[in-house]
Every structure is written in C-alpha cells, then in structure tokens.
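**Q** Next comes the sequence, and after it the predicted model I'd like to discuss.
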Amino acid sequence: MSSPAISIPHDAGHADGHDDHHGHVHLQYQPGLPLSRGKLIMWLFLSTEIMFFAALLGSYIVLRFGAAIWPKPHHVHLSEPIGAFNTFVLICSSVTVVLALEAAKSNKTGLAKIWMVATFVLGGLFLGVKAYEYQAKFSHGIYPVAPHSRIYERPDLYYGSAVRARLGESAIIERLKEIDEMPAESLSAEQRAARTSLQQIRTMLGDPNQQAFEMAVVADQIAPLPAEGAGGHGGGHAHGINDAFPELQLPIVIPGGNMWASTYFLLTGFHAVHVVVGLIVFAVLLGYTLGPKNAGMIENAGLYWHFVDLVWIFLFPLLYLF
Amino acid sequence: MKRAAGIFWALLFLAVPVLGVATFAVAPSIDVWLPEDVSEHGREIDSLFYFILALTGVVFIATEVLLFWFIWKYDAAARGEEKATYIHGSHTLEVVWTIIPAATLLFLAIYQMNAWANVKMRRPDMPPTVEVIARQFEWRLRYPGRDGELGTPDDLHLVNDLHLPVDEDVLVQLKSMDVLHSFFLPNLRIKQDAVPGMKIPVWFKGTETGSHDIVCAELCGWGHYKMKGRITFVTRPEFNAWLERKYAEQEATQPVEDVTGTLVTN
Amino acid sequence: MSDHAAPHDSAGHEEHSHGGLGKYIAVFAALCFLTTMSFFTYSEAWPWRDQPQVGWAFMMAVSCTKAMLVVLFFMHVWWEANWKYVLTIPAAMMALFLVIMLIPDIGMRNRMVSQERALHMARPADLLLLEEAGTAGPAAEAH
Amino acid sequence: MSTVTAPPTVDHASAQVRKPHPVATFLSTYVFSKDHKVIGLQFLFSTLLWFLIGGLLALAVRWQVAWPWSDVPVVGKLFAQQGGQMSPEFYTMLFTMHATVMIFLVIIPILAGAFGNFLIPLMIGADDMAFPTLNMLSYWFMWPAFIAFGASFFVEGGAASGGWTSYPPLSTNIAASPGSGWGQTLWLIGLTFVGVSSMLGSVNYMTTIILMRAPGMTMFRLPMTIWAMFITAVLQAFALPVLTAAGFMQLADRMFATGFFSPEGNIVNNAIAGPGGGQPLLWQHLFWFYSHPAVYIMILPAMGMVSDILTCFARKPLFGYRPMVYSIAGIAGLGFIVWGHHMFMSGMNPALGITFMVSTMMIALPSAVKTFNWLGTVWGGRIQFTTSMLFALSFVSMFIIGGLSGIFMAATPVDIFIHDTYFIVAHFHYVLFAGTAMGVWAAIYFWYPKMFGRTMNEFWGKVHFFLTFIFLNGTFFTMHILGAVGFPRRLADAYHYETFHHLQPMNAFMTYCAIGMVASQIIFAINFFWSMFYGPVASRNPWNANGLEWTAPSPPGHGNFDYQPVVYRGPYEYSVPGVEKDHLMQTDPPNAEAAAAAAASH
Ligand code: HEA
Ligand code: HEA
Ligand code: CUA
Ligand SMILES: [Cu+2]
C-alpha cells in the first residue's frame, strides 16, 4: 500500500515560487461520488432551484389559502384545457430530451439531433401557448401592474369613483359621444345591449347615494364574471361593456383578483424564464455533434429541463385546477 | 524577553473578563442600567434578565479565565524544550460539555415560557381600554367615548398623550396605518411591533403613578427618532376626570374627521 | 460548460444505458394518464364535489406521483447511488418546513385582521353580490 | 460520502503529463483570470476596499449618535442644505448602507470569495476549482452589485434607507421614505447579483471539494477550513434562493404594485398605497429564512480558519476533530429552523415564538462544543505569539461574548425589552466584527506568505492587533449596558427621550474608540501593501504547518502543485511523539521511519 516512490519536493529551492509556471502537473484525485463534475454541479444547482421555487410556491400557497376569497379560474379567463395542453407539451418535451440522450449515447447523432430539435420546438410551443394565455389576461385588463391593471377587489365606493373617473376622461367622453350617436344598424346586437347598459350605468353613477348593490350592478354591466365552464380565452361568451367596446377599458371587479394576478404572473413568469433559459441551452447544444462525447452535456441540459417540467407539474393543478 | 511578551498578551486576555465584569458592576451605579420598572410583569422579565446575566456571567468568567490561564501557562517560552501534549480529544469531555450546556439551556427554555405566555399569550378577557394607531410619526390614540365602546362616532381622539389607570389591567389594541412601528414602553418592559393590516392586543398593568416615554422601536422612516409619546399612569378617579375633561375639549372643538376616523368608524 | 470535466474524471458510471425506449414510452403514457386523472375531480363521477379539499388532496397526490416518475426515470434517479437521498431529502424537508412555518402568520393572517384592512378586502359576500347583480340587474332585462 | 482510507497508488506516467500552457496576457492573467488564486485575490482587494468604505460609513453613524446634529467634520461640506449637519433621512441611509456593505460586500465575499477561492483547491490538493469559468463569473457578478450599491448613493432620494433588513411596507413605498425610491431598487438589484455570485461560487466549491481531493484526502482528513467552507456552501445553496425569490417579490411590489408584502387599505402619507392583499410578515419570514443562516455563513469559515491557525501556533492536534465537524454541521442544520428569533416582537404568532425560542437555545450547543474544543486545543500547547495567533485567540475570546449575549435575546421575555436596542447591536458586532473580522485578520496574516510570497511585518502586525483589540472592546462592550437601558438602535437622536438623555457621554466615548479603531487600520493598510513588495521572502512553509497548501510554492504557480500530492494523515499531526520534528505534514509518508526521515530532511 505504501507508495514511497512519489517524490515530494519540500524544499526551499523553489522558495521564490515564480519559477514553476511550466511545471503544471496533471493531478490525480481521490475518488469521490460516482458522478461527473458536470452532473454533480447540475444536481447541486437544481437543489438551489428547489428552494427558489419552494419560496415562490410556498408564498403562493399561504397567500392564496389565507385569502378571504380567491377567484375561480373562469373569473380570470384561465382555461383548464389550455393548461392541460401545455402540460402535455412539456411532458412530450421531457420524453424527446431523454430520447435525444439515448440516441446520443448509442452514437446515432442524426437521430439525437432530431429529438433535440423536437424538444426545442416543443419548448417554443409551450412559450407560444403561454403568450397566448397572457394575451387573454391582458386583453381583459388583468395585469399585475398598477398602471395598467383594471382590477378592483370590491364593488364599493372606490370602485364607483374609479369608473366615474374613467368615464370622465376627455378621450373617453368623446368616444362615448360617438357610441351614442352611432346608428343602431352599424352595431351588433351585443353592442346595442351594451350601449343601453352604458347609458344606464352613467345615470346610476350620477346618483350620489349609491348602494353596494348598485355598484355590483355597474361591475356586472362592465365585465360580468363569466359563469363556470365558460372557458376563458378570447371572450365571446361574456358580453359586458368592456367586451363590446374594448377601447373603453373600464375598471372591473374581480374579488381577490389582484393577489391572483400577482401570484399568477410571478409563478408562471419565473417558470417561463426558466423555459427560455432551457431553450437557449438547447440552441447552443444544437451546434454540437450530439454523440457519446457530448452525452454528458445533453444529460445535464436534460436534468435541468426535467426540473422545469417538474415545476410545471405542480404549477398546473395549483394555478388552474384548484 | 520572549516570556515577557507572552505575559503581556496573557494579561491582555485577562483584561477581557476583568474589565467586562467591572463594566457591568459599575453600570448600575452610574445609572446606565435597566430603567425603573413600573409594571406588574416587569419583575418577572427583570429577574429572568438577572438570571441569564448570572448564568452567562459564570460561563463568561470561566471560559475567559481558562483562556487566559492556558495562554499564560502554555506559552512556548515558558515550556522550555517540552513538546506540546499530543492528544486528539476526549470522548468523556465532549459528552460532558455537551450534556451540561444542553441541560442548562433546556432548563432556561422551559423556565422562561411562563413569563412569555404572561406577556404575549394569556390575553385578559376584556374589551380594549384604548386603541393605539401608529403612523408616521406619531401615536394616535382612540378611547371609547361615553358609550364605552370603541368604533363609535363619539370616540375620543388624542395624539401621543396616553393616560391609563394605575393598578388595573389595561388592554391596548395596537394598529398601524402605514408602515411598521414598534410600541416600546421601556419602563413597562413592553415592546410590540405595530403591523399595518393587523390589530394586535397588548396588555399590562402599571403599578405606580407617573409619566414615562413611549418610544418607537421599529425603523419607520426619517422621523423614526422623533416618534415619541408619553404614557401617564393616574389613579382611577383621576383617570375618569381626565377622560371627562378630554371629552369636553373634543366636543368643544369638533375636530375634523381625519383619515383614521373615517376609516375606522365605517 | 465544463472547462476541465474531461470524461475520464471519476465518471464512467453512466455509460451503460438504462431505460430504453419502451420504458420511456410507458412513463410518458403514465404521465398523460395521470394528467387526465386530475380532471377526474371535475367529472360527475367525482363524489366529493362540495368538498374541494378532497379534490385538492387528490390532485396533489397525482402531481407528486407525476413528479416521482419524472425524477426517477427521466432524471435517472432510480439508477443512482445513495447520494440522491443526501441531496433531495434535506431540500424537500426544508421547503416543507418553510411552508409550514408560514401558515400561522400568513396562511391564517385574517385571524388578526384590523377593520381598516377588512374594509378594503374582498369577501365571499362580494361574489354573491356580483352574482345577484348578474341575475337581477337592470341589464338583465336589457338582454 | 465515500471514505476511502487507503491512498490509491498513483499512475506515474500520467503524473508527468503537462498541460499545454495557454497564452497569458495581462487581461487573462490579472483581470479575466480563471485561476482560483487570482480570483481569490481579486475578491480580497475588492472587499478590503469596501471594508474601508463600510468603516467610514460606520464612523459617520457614530458621529451622529454621539453628537447629533453637530457639523460633520471633513465631509460636512457635502450637506450644503443642512449647513454641515446630516439630515435624519441621511442617517437612516448611513446605517442601512453600512450594514449592507459590511455584510454583502465585505464579510460574505471575503470569507467565501477570497479565502474560499484561494484556499479550497490548495488545501485539498487540486489544481483549480472544478469550473474555473464559473468561478471567474462569480467574481464578475459582484461588479454589477458594486456598481448598484455604489451608484445608489447618488440617485434621487439617496441610497436605500429601510435598514439592511428592508422591511416592507417602508421599503416598498416611495411615499414612506425617500430612500425607498431608486435607492431601494438598486439595493434589490445589487442583492440579486450578490446572490447569483454566491450561488455560482457555492455549487462550484461543493463540487470541487467532493470530487477534487488529492489521493488519500478523505473527508475526515480535510482541514477544518475546508469543512467550514463546504458547509457554508451548503448553507448558501439552500438559503440564498429564498432571499432571491423574496427580493424579486419585493421588486414586483415596488415596480408593479403587486401586494405580496402590504395589506389592503394601507395609507401612507394620506394616500392609499396600492391594492395590497399580502402580509408584511411574509417578507420577514422569507428574509430571515436566509439571513439567519447567513449569520452562520458569516462566521463558520472564520471558525474553520481559526481552528487551523490555533492548532498551528499551539503546535497541537485539534482537540476533538470529529465533534468539531459535527458541530459545524449541527450549526448549519439548526440554523435553518431558528429564523423566527428575529421576529419575536414582530406580531408573529406567539406560539411560533416558543418553537423558535427552543431551537435557538439549542443552537448554542454546537457553538459550546466548538468553544470548549478550542480551549482544549490551546490547553497543553506550545503557544507561539504570532500576530495571526493573537487574532485567532481573540476570535475565541470575543466570540464567547457575542455568543453569550445571544442567549439573552433567545430568551423571549428578555428579548421583549432588549429587542431593537443597542444590546442587539453589541451582540452582532461582537460576533461579526470582534469575531469574524478578527478571524479574517488572523487568516490574512497567516496565509499572506502563500498569497504574495512574502511575510507581513510582525511588529506592526502586533501593534495593529493591540490597538484594534482595545478600541473594539471600548466601542462595542459599552453597547451592552446602553442596551440594558433600552437605548434603541436606528435612532438619529435619542437624547430627547427622558429615559436616554443621560447617555450622551457614554456614546461620545464609544465614538472616540471607533475613531481610534478605524485609525488603527491605517497601520494594517500600510503593512499590507508595504509587505507585498518589501516584506521578508517566505519559504514554502514559513509557519511549519501541516496542510497541503504549504507544500506548494509561495505563491503557487498556475496549477498550484509542482508534484502530485498524496495524503497520508489528518491535518493536525503536531508534536507527534517519537518524531523529531514537531509536525508531520499531510503528505509525509506513513510509516514511522519514513516519517522521521522526511521530518529530518526539512
Ligand atoms: C456571525 C453572526 C452571528 C452569530 C454567530 C450569531 C449567533 C447567535 N445569535 Fe445572533 N444576530 C446576528 C448575528 C449573529 N448571531 C445579527 C447580525 C443579528 C441582528 C440582525 C438585525 O436585526 O439587524 C442577530 C440577532 C440575534 C437575535 C435577534 C435579536 C433581536 O432582534 O431581538 C437573536 C435572538 O435570539 C440572536 C441569537 C443568537 C444566538 C443564540 C446565537 C448563537 O449561535 C450563539 C452561540 C454561542 C454561544 C452561546 C457562546 C459559546 C458557548 C459557550 C461558552 C458554552 C456555554 C454557554 C451556555 C450554557 C449559555 N441573534
Ligand atoms: C460585518 C458586519 C459589520 C461590521 C464589520 C461593522 C463594523 C462597525 N459598525 Fe456596524 N452594523 C452592522 C454590521 C457591521 N458593522 C449591521 C448589520 C448593522 C445594523 C444596521 C441596521 O440597523 O440596519 C450595524 C449597525 C451599526 C450601528 C448602529 C446604528 C444604529 O442602529 O443607529 C453602529 C453604531 O455604532 C455601528 C458601528 C460600527 C462600527 C463603529 C464598526 C467598526 O468596527 C468599523 C471598523 C471599520 C474598519 C476597522 C475598517 C477597516 C478597514 C480596513 C481593514 C481596510 C484596510 C484597507 C486596505 C488594506 C485596502 N454599526
Ligand atoms: Cu415609528 Cu419608528
Ligand atoms: Cu439569527
């Protein structure tokens, strides 16, 4: 067991130290874990990611279940089937990435590249669907952002004055005048109905002694909370004033809607950022020959990608189905 | 010469426990010490403070003196040719110095729970005596009006001048309008953050008449340092008379409803 | 990515392939099946429609199973040595502990709510009000 | 973890293979270097510079506390509007940035960044970190933070002024405080970059320590420094992401008016502040979930380095090596479940307070084990009073004070009185400055020869030690008794309170000491730079220590080792009986004769 043959130069000949720039020995190491460096650091990185999402998801869970009220998915135009479709897309991409790895390991570089491209495309598809979903929220004034958000929590006096203030903006006044003067034939049936309710709420808001119920009526005229099963995307089902005349952008009431928007965009936003990073990694990988030599890289990229999938597996029921 | 250096450094380390203990010994006599306690539960907290002071004091003196002694004794210059002791540790010692502190700390943990529960958990069953609403940078006070109920239009509104009856349980309902503040009564050993959105009960019992500082102990912005109030304990009859006087003043001046007022009375 | 991680450093373990196409397809099918199972709570056949908690628990169980499958097979943890426990169990425990400790203060924050806050807070009553307005408001006659 | 005890035989052929040497330019050698030693020194220089800035900020803080509203000397001219005085909002900014700089730009990066980088590969026998590029990035990610924190002093409203804890809603609402505008945003951005840097560093360190130990260097032959760095890296990896997530949420609250941390119907400066819906305590929980482990991130590496230095200059094996390792792990594990002790008065559920109190009491145990083992290490030694040793001894002495004051605060009823008073300020300056910073100085004096190939001047080192030691105790010990009066922290002027107005002379005394303390650092700075060029040239092993780093040249060249190190024993074989020399290096061959021979030969 002894290996006395190793010579250990302990001495002062080298004391000034600058001499050995070229004495770079290739060092041997004690066996540690049965893992490559890349894989180990990737796993360690993923455990930091676990904590990152634990903080975000944990905050969401306590904020949500502690809230007095939380909007149902259809209140906020969230569509379960679309979410489910995106889940499916991510699962597929997880499969394609393992298949790319298997192919690379058995030196089928062409096949590996095909699977990798498929993964990339699926990831892109996921983002596309996500963008479409975001658009559906934005178009209804559901933003996490104060300057754009049109969400009010309750049909109360604050809400009433917000609507009044919006209707009082000069651009809106002009537009209202135009709407009032439009010939009935040029409007759809829905728009005609909306025009009537618009006139009604204007008289209602003029009355100083409004009750909470009247404010609720105003809110319902502007953007009725869609009934369950209505699905969420795009509109068509709902027929509030905001749907008939989107340019008015009147304030809306979604009880619990603000915190919902905050957490929804926070969680899906950070997940989407992770997807984007994954896509960049895949794009870089596509520049390599995907053979056994680079299988380690594919595996690590895959580990990351599966983790992103994993986060979505929890996000989907928590955000869409609960 | 070498030995002299060792002695010098050893004595420097001895100065730590010596001056440390001296500081704590002298502090009360120069009035840099716990402020006068005028509360019922304060005694319990103070005695806990002294207990921990004694406990940590013993540990402090023991460890620092040992350190000094080792530095003094095991100075290379003092040991001549003798080698250092070759020892890798002692299992028995490890067990001893794990178990003893563990037992001490566990005892301390259990021993103090009662005091904690008295101040923060065993809320007296009574309506709030007064509501304290912190805001940048003042303490707004709301006493129940003549109807004896908080949250009605005849509530008495005051700022920074808290009067309370002595020798009675009082329940303060603590709120904040804007940011975090902390309701600190040094002489009553009371401290509680005021959190916007929450109403937090604080209870205590003053044992002496007199007037003391209310300090804000949580950073709340540039004016944090001047968010000062006064708490005054008076006897019950005096308290009633004071309340009466204040009602009369309020009715005479008809204060404009402030933001707090409108919100709370809603 | 790696500057030094030449393939010969202490790796060598993951050369042999496990899994194989069949296994991955099976896992894929299971994942798809489980995803649709989440929707089972929406169906008529689901007996606990008025107790959402049961449905939530069911969906979380489904999610955990799915996560398990992904970790074990796609991330190859099934085939790994014991380090997998060292890494995953503490992280999972800590994450859980964090969430549990958040429950009393944030999860149950409305226990200590002040009136000022309650005033601005949406409540179930608001939802009822809106629904009522939807059926009884003047516009109900309009369309 | 596998613990192979038999050193594997080394393949000689491959040991001689030389790597092609990359072309070295100035930029690639000193600026964008991937060499862990250069990166370590980059961290060291940057953090020392910030240390100076943090120290000057502290002086300004002390000035105001001692003589509120009096003209500030030298820099007073900058506050033209106030006629030379500082304004109260400027004061809040001062201590916020003092703490931020000290914690995020000095102590954490000097421990993990400077010493972690420099020492880990050298002490485990590796040629570099596992991922040198990542390592380089971890340094360069500090720069956006340097810039963000530095720039925040000059933006409108000034730098962040919500305290280093940045409790919302104060920090999320610009109407609440001028510093909660751009200053706070930059603060959060800076914090995120520091976080990314630490995260990159910590995963890299863990990988390096697990996979790149020299043959024979089993986990239980690692020096304490490496154990401490390893566990610190674990702490960072698990705790930091939570702060990063919370930071993003605060950023969202500020920029997008989400309401994670503010309640509904909050009224700041007579205006309704955003829709709310959240809870201020959520931030506190998330923040302390990181920041309590962070205080151990800020002391464990110092503990490790001090253990190595104590053994070396006591010429004695470390007392209780395994208990020392387990207690570090214990501190780290318990460190995750005690964060609530910062929130006893915060409105947190008092029942939670009890659980956190019990766990906090328990965390004193591993610290007790460490303290007693250090005493055991010094006992029976042959103490050499080098500057480094003096700093290491004072670390032990001072940590005891800081730790014991922690017990007062862990006791919830006592904390009711002393929370947010100078008692707390005393506590954390004893552990952070009197503890960690003393440990850092011990480490600088100890490893300086390895870093620069020369030794620092011992005489002036001792003068530096003596003055720092005296002044620091003068400044910080007094804070305990101020705290006993209830003297509140973060107050620009407390003397208008009846309870506190007699404390001004005491504060003036502390400020004089603080001035002395900062002035003493001039000696250090001169010694530090002077020795780099004119200090006595150091041999490979100037202190006759045992670690692998001492078998490499001083300073080590690219790739660190000019031979293949093989480890045969633990790191603390000092004064082995029957061996002529009083120390056996980790690389000395195993059998007694060979050992004796090797020992005799150098
Ligand atoms: C390096 C940093 C560091 C370290 C190591 C510690 C260590 C400890 N800290 Fe400290 N702490 C801080 C940095 C640190 N702290 C900071 C920065 C703050 C303030 C943050 C802010 O608000 O701005 C703070 C605040 C703080 C608080 C909150 C106070 C308040 O705001 O009200 C508490 C409360 O429990 C606490 C407790 C402890 C305890 C119990 C330990 C223990 O780990 C100490 C253990 C050590 C010993 C006990 C000494 C050695 C042991 C013996 C000699 C054995 C025998 C002992 C006994 C039997 C008692 N700390
Ligand atoms: C690591 C952390 C650290 C360090 C080292 C220090 C160091 C010092 N601190 Fe600080 N402090 C904090 C962390 C730290 N502090 C924190 C977290 C707070 C709480 C803030 C809050 O409430 O939010 C605080 C708050 C705080 C306060 C309370 C303010 C208040 O609440 O109102 C005070 C008051 O006296 C103070 C004073 C000092 C002093 C005099 C020093 C001195 O020790 C400083 C001495 C400085 C030096 C000695 C610099 C030396 C320079 C070099 C060595 C460089 C040499 C250069 C080269 C070689 C290039 N600090
Ligand atoms: Cu109010 Cu500080
Ligand atoms: Cu702590």
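**A** In hand now; what should we look at? Here the structure is a predicted model, which is why all the values come from computation and not from measurement. Ligands and ions are numbered 1, 2, ... in the order given.

**Q** Which segments of chain C make up each domain?
**A** C:17-80, C:82-143 (automatic domain parsing).

**Q** Please render these as TSV that adds mean neighbour count, distance to chain B and mean pLDDT to the earlier fields.
**A** The way it works is simple: take the backbone N, C-alpha and C, and place the C-beta from them, glycine included. What follows is those, written out as TSV (neighbours: other CB atoms under 10 Å in any protein chain shown; distance: least, CB to the nearest CB, whole Å; pLDDT from 0 to 100):
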stretch	mean neighbour count	distance to chain B	mean pLDDT
domain C:17-80	16	26	82
domain C:82-143	18	4	81
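
**Q** Show me the shaky parts of the chain.
**A** In the absence of a named chain, this looks at chain A. For chain A, the stretches flagged by pLDDT under 70 are A:1-24, A:145-147, A:208, A:210, A:227-238.

**Q** meant chain D, my bad for not saying
**A** D:1-24, D:26, D:77-82, D:592-602.

**Q** ok, now how distant is whatever residue of chain D ends up closest to chain A from residue A:149?
**A** Closest residue of chain D to chain A, CB to the nearest CB: residue D:257 (3.1 Å). Distance of residue D:257 to residue A:149, computed by CB to CB, to the nearest Å: 8 Å.

**Q** Point to the helix or strand of chain B where mean pLDDT is at its lowest.
**A** helix B:259-265 (a mean of 41; mean pLDDT, DSSP states H and E).

**Q** Burial check on residue A:182, number of neighbours?
**A** 13 (other CB atoms under 10 Å in any protein chain shown).

**Q** Residues contacting the helix or strand harbouring residue B:237, please?
**A** Assigned by DSSP states H and E, residue B:237 belongs to helix B:236-253. The contact list for helix B:236-253, computed with CB atoms under 8 Å, 6 or more residues apart in numbering or on different chains, reads B:143, B:145-146, B:156-158, B:163-166, B:168, B:234.

**Q** Please produce a PyMOL select command covering the buried subset of these.
**A** A single PyMOL command is used to select the members of the contacts of helix B:236-253 judged buried by 16 or more other CB atoms under 10 Å in any protein chain shown:
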select buried, chain B and resi 143+145+156+157+158+163+164+165+166+234
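
**Q** List just the nearest of the contacts of helix B:236-253 to residue D:215.
**A** Using CB to CB, residue B:164 comes nearest to residue D:215 of these, at 74.4 Å.

**Q** can you pull the pLDDT of the closest one?
**A** According to the prediction, residue B:164 has pLDDT 96.

**Q** repeat for residue B:172
**A** Reported pLDDT for residue B:172: 96.

**Q** Figure out the helix or strand that it lives in.
**A** If you go by DSSP H and E, residue B:172 is part of strand B:169-176.

**Q** any bit of that strand sitting next to ligand 3?
**A** No. Applying CB under 6 Å from any ligand atom, one finds strand B:169-176 out of contact with ligand 3, separated by at least 8.4 Å.

**Q** Surely residue D:58 and residue D:98 touch.
**A** Yes. Assessed by CB atoms under 8 Å, residue D:58 is found in contact with residue D:98 at 5.2 Å.

**Q** quick one: contacts for the closest residue to chain D within the stretch 101-250 of chain B?
**A** Proximity of the stretch 101-250 of chain B to chain D (CB to the nearest CB) peaks at residue B:197, 2.7 Å away. Taking CB under 8 Å, 6+ apart, we find residue B:197 in contact with C:109, C:113-114, C:116-117, D:262-266, D:276, D:279-280.

**Q** In the stretch 151-266 of chain B, which residue sits closest to ligand 2?
**A** residue B:219 (7.1 Å; CB to the nearest ligand atom).

**Q** The stretch 201-322 of chain A now?
**A** For the stretch 201-322 of chain A, CB to the nearest ligand atom, closest residue to ligand 2: residue A:266, 26.9 Å.

**Q** In terms of helices and strands, where is residue 135?
**A** Here I'm looking at chain A. Residue-wise, residue A:135 maps onto helix A:109-138 under DSSP H and E.

**Q** let's do chain D instead
**A** In this assignment (DSSP H and E), residue D:135 forms part of helix D:132-140.

**Q** Just the buried positions in that helix, please.
**A** Neighbour-count burial for helix D:132-140 [16+ other CB under 10 Å]: D:132, D:134-139.

**Q** just the strands in chain A please.
**A** Taking DSSP state E to define them, one finds strands in chain A at A:151-152, A:252-253.

**Q** out of those strands, nearest to ligand 3?
**A** strand A:151-152 (30.7 Å).

**Q** is any part of that closest one close to chain C?
**A** No. Counting by CB under 8 Å from any CB of the partner chain, chain C has no neighbours in strand A:151-152; the shortest distance is 8.9 Å.

**Q** quick one: strands adjacent to that strand?
**A** strand A:252-253 (parallel) (DSSP bridges).

**Q** Before I go, just wanted to say thanks for your time.
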